[in-house]
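K.L.:
After the sequence you'll find the predicted model.
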Amino acid sequence: MKKARFSYSDEMKQWMKEHYKLTRHELTDAFNGRFNTNRSRENISDLRKSLGLRTRQSAKWQKGDKPVHAGTQGVLKASLGSFKKGHLTWNKQPVGTERINGHGYVDVKLSDPGIWKPKHYLIWEKHHGKRPENSVITFKDCNRLNCDIDNLILITRAEHTIVNNTNRKLKGTATEFKPVLINLAKIKHAIATKTTNDQRPKRGKTHA
């Protein structure tokens, strides 16, 4: 059966337009943390290109280019995102500010303009160093607001997919069973990997 094509929402595309100058690794981490997805660096790069966004290396404006928000002043009503005098806009919040994003994760502002990263990623990397590629950090007690280091578990994206497919993102499952599901996912993934490797032809081996 052909795998369904991933569809990016308007919110995801708008988020990309606001954060595309991050490095591929940072952008992938932030995107997956923001939207609870498992997109690869290549997927994120493809999205960035499809939106016509320039990378950090080619981000200089050329003569005649218009800013992203040019011509939009006054278009949106106050109730749809405008800020009253005295309010801090999203890109005026001080570095270190924490917020809960639309998916229930805590984000921390790292720098201007509006560069945020999931708090649980920051906490884990503070204790263990840079997060391995193709991995995600999940919550032992299923509480996305509990970023205590003892509550964070590192698993591969493949294992995370297995867990999600097994229990539909763990909704409705008792908290104490989550570590068990993760261990089962690790075992299942290890078996699948070994089976795939065993089926590959051995180099240098000839058939009579």
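P.N.:
Received, thanks.

K.L.:
make it CA atoms for all contacts and neighbour counts henceforth
P.N.:
Noted.

K.L.:
Ramachandran coordinates for Val108?
P.N.:
Dihedral pair for Val108: phi -120, psi 130, per degrees, to the nearest 10.

K.L.:
Let me fix that, I meant to ask about Lys21.
P.N.:
The phi/psi pair for Lys21 (degrees, to the nearest 10) is phi -80, psi 0.

K.L.:
Same check on Asn134?
P.N.:
phi 60, psi 40.

K.L.:
Can you report how many residues neighbour it?
P.N.:
When neighbours are counted by other CA atoms under 10 Å, Asn134 registers 15.

K.L.:
begin at 560 from here
P.N.:
OK, 560 is where the count begins now, so the last one is Asn693.

K.L.:
Could you check how far it is from Asn597?
P.N.:
Distance of Asn693 to Asn597, computed by CA to CA, to the nearest Å: 9 Å.

K.L.:
and what of Asn724?
P.N.:
13 Å.

K.L.:
same thing with Ile674?
P.N.:
Counting by CA to CA, the gap from Ile674 to Asn597 is 20 Å.

K.L.:
Remind me what whatever helix or strand Glu585 lives in packs against, helices and strands.
P.N.:
Secondary structure from DSSP states H and E places Glu585 in helix 583-594. Other elements packing on helix 583-594 under the criterion 3 or more CA pairs under 8 Å, 6 or more residues apart in numbering; DSSP states H and E are helix 569-578, helix 600-609, strand 674-677.

K.L.:
Let's see that with 6 Å instead.
P.N.:
Using 3 or more CA pairs under 6 Å, 6 or more residues apart in numbering; DSSP states H and E as the contact criterion, no helix or strand is in contact with helix 583-594.

K.L.:
quick one: that helix to helix 600-609, angle?
P.N.:
On the basis of axes from the mean of the first three to the mean of the last three CA atoms, to 10 degrees, helix 583-594 is oriented at 90 degrees to helix 600-609.

K.L.:
Can I get helix 583-594 in CSV? Just the C-alpha atoms.
P.N.:
Only the C-alpha atoms of helix 583-594 are listed here, as CSV (Å, rounded to 0.1, in the frame of the first residue of the first chain):
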residue,chain,number,x,y,z
ARG,A,583,18.8,22.3,9.4
HIS,A,584,19.3,20.4,12.6
GLU,A,585,17.9,23.2,14.8
LEU,A,586,15.0,23.7,12.4
THR,A,587,14.1,20.0,12.4
ASP,A,588,14.3,19.8,16.2
ALA,A,589,12.2,22.9,16.7
PHE,A,590,9.6,21.9,14.1
ASN,A,591,9.1,18.4,15.4
GLY,A,592,8.9,19.7,19.0
ARG,A,593,6.4,22.4,18.0
PHE,A,594,4.1,20.2,16.1
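
K.L.:
sorry, back to before: who's more crowded, Asn724 and Asn597?
P.N.:
Asn597 (20 against 11).

K.L.:
Let me see the confidence value for the more buried one.
P.N.:
Per-residue confidence (pLDDT) for Asn597: 82.

K.L.:
So it lies in a helix, does it not?
P.N.:
No - Asn597 is assigned coil when assessed by DSSP: H, G, I helix; E, B strand; the rest coil, not a helix.
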